[in-house]
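1. Can you look at this prediction? I've put the sequence above it.
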Amino acid sequence: MSRQVESRAGSDAWLALAAVSIFWGTTYLAIRFAIETLPPAFVIFARFTMSGAILLVTAKLRGAHLPKGRELWTAAACGCLILGIGNAAAVYAEQIIPSGLAGLFSTFSPFWMTGIEAMMGGEALHAPTIAGMLIGFSGTALLLLPGGGGAFGSSTLIGFTIMEIGVVGWTFGSLVQRRQPMKAHPFVIGGIQQLAAGLLYIPVVLFVPEHPIVFSQRSVLGLLYLVVFGSIVGYSAFIFAMDRLPVAIVSIYPYINAVVAMAVGWLFFREPFGPREWAAMLVIFAGVAIVKWQNGKALARGKSTPAA
């Protein structure tokens, strides 16, 4: 950790990371509440349209620079990938799998990040990295073994597939965004991304048949929780933590999210959280740790190699 980063990593930065870890972990439960009586597409549309509009109006009132032209369209396109596909996948997946499993399956992002970067000309895949991926995916296979009861089987496989489509969208959008020059503040970019993702679902809400919209108290509260604590507070805390803490430390949040998601899912809905789930989670985390360890070694090699 550099001295510059250490000097900026005060208690507020650690509190922000804790907020990201807790709030984003509980959003999986909030999604389950929201889709009890509200259609998935409507939840996605309402959540990101409201949060994006609030962030952009706040930024405008504070005199922030609002991007135009290529920068605007790039941010919007990345938002459709990161949120419109990546985040929305959990809403659809939780129709058929427990919220805790959705949180656990989202931790596969380092696998896809490593693979997609390799295909885009980045660090090539090495044997330990491939081994880590295989170990991680074997954790999912553990959940698909016979004898897991009604919560497992083909529905788990379908839910896992939906979640991984979302993780690929999130990862690819993040990589594209990282390669584009952005002059606007990250909060503004986040507002544009959220608003674009919400507007993307207007045709789905209007023309794709889903169950009728019913505004039950629990579903509405779940939706409002997603808007306030998932999108506005959670995202703001994430940006603040990324600015003040090393990326390697901030990157632990998905694993805390998964544990929180499985814990609150068991607490409120008695979702499966027994020895099989613990074993699968530890196997998946072991595979992720190997991949991240190899990525760290690759980064160290890159820093030690003189520039051509």
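-> All right, it came through fine.
2. Endpoints of stretch 216-230, how far apart?
-> Start and end residues of stretch 216-230 are separated by 20 Å (C-alpha to C-alpha, to the nearest Å).
3. Only the buried residues of that stretch, if you could.
-> 219-220, 222-227, 229-230 (16 or more other C-beta atoms under 10 Å). Backbone N, C-alpha and C define where each C-beta goes, glycine included.
4. Now render these as JSON lines, adding secondary structure.
-> As requested, these are exported to JSON lines (DSSP: H, G, I helix; E, B strand; the rest coil):
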{"residue": "S219", "secondary structure": "helix"}
{"residue": "V220", "secondary structure": "helix"}
{"residue": "G222", "secondary structure": "helix"}
{"residue": "L223", "secondary structure": "helix"}
{"residue": "L224", "secondary structure": "helix"}
{"residue": "Y225", "secondary structure": "helix"}
{"residue": "L226", "secondary structure": "helix"}
{"residue": "V227", "secondary structure": "helix"}
{"residue": "F229", "secondary structure": "helix"}
{"residue": "G230", "secondary structure": "helix"}
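5. of those, closest to W112?
-> G230 (21.8 Å; C-beta to C-beta).
6. circling back: take the buried residues of stretch 216-230 and write them to TSV, including distance to T107 and pLDDT.
-> Below are the buried residues of stretch 216-230 laid out as TSV (distance: C-beta to C-beta, whole Å; pLDDT from 0 to 100):
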residue	distance to T107	pLDDT
S219	27	97
V220	29	97
G222	23	97
L223	25	97
L224	27	97
Y225	22	97
L226	20	97
V227	24	97
F229	20	95
G230	17	94
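7. so who does the residue most central in space within the chain touch?
-> In the chain, the centroid-proximal residue (C-alpha atoms, centre = their mean) is N87; its distance is 5.9 Å. By C-beta atoms under 8 Å, 6 or more residues apart in numbering, the residues touching N87 are 44, 166, 170, 197.
8. likewise S99?
-> Per C-beta under 8 Å, 6+ apart, neighbours of S99: 28-29, 31-32, 261, 264-265, 269, 271.
9. So which of those residues is the closest to L142?
-> E271 (16.5 Å).
10. Tabulate the buried residues of stretch 216-230 in a markdown table, adding columns for distance to V291.
-> Below are these laid out as a markdown table (distance: C-beta to C-beta, whole Å):
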| residue | distance to V291 |
| --- | --- |
| S219 | 37 |
| V220 | 40 |
| G222 | 33 |
| L223 | 35 |
| L224 | 36 |
| Y225 | 32 |
| L226 | 29 |
| V227 | 33 |
| F229 | 30 |
| G230 | 27 |
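11. Would you state the helices of the stretch 51-200 of the chain in chain order?
-> 69-79, 88-93, 99-105, 109-119, 127-144, 154-178, 186-200 (DSSP state H, counting those that start in this stretch).
12. Which other helices and strands does the fifth one contact?
-> Using 3 or more C-beta pairs under 8 Å, 6 or more residues apart in numbering; DSSP states H and E, the elements in contact with helix 127-144 are helix 109-119, helix 154-178, helix 275-304.
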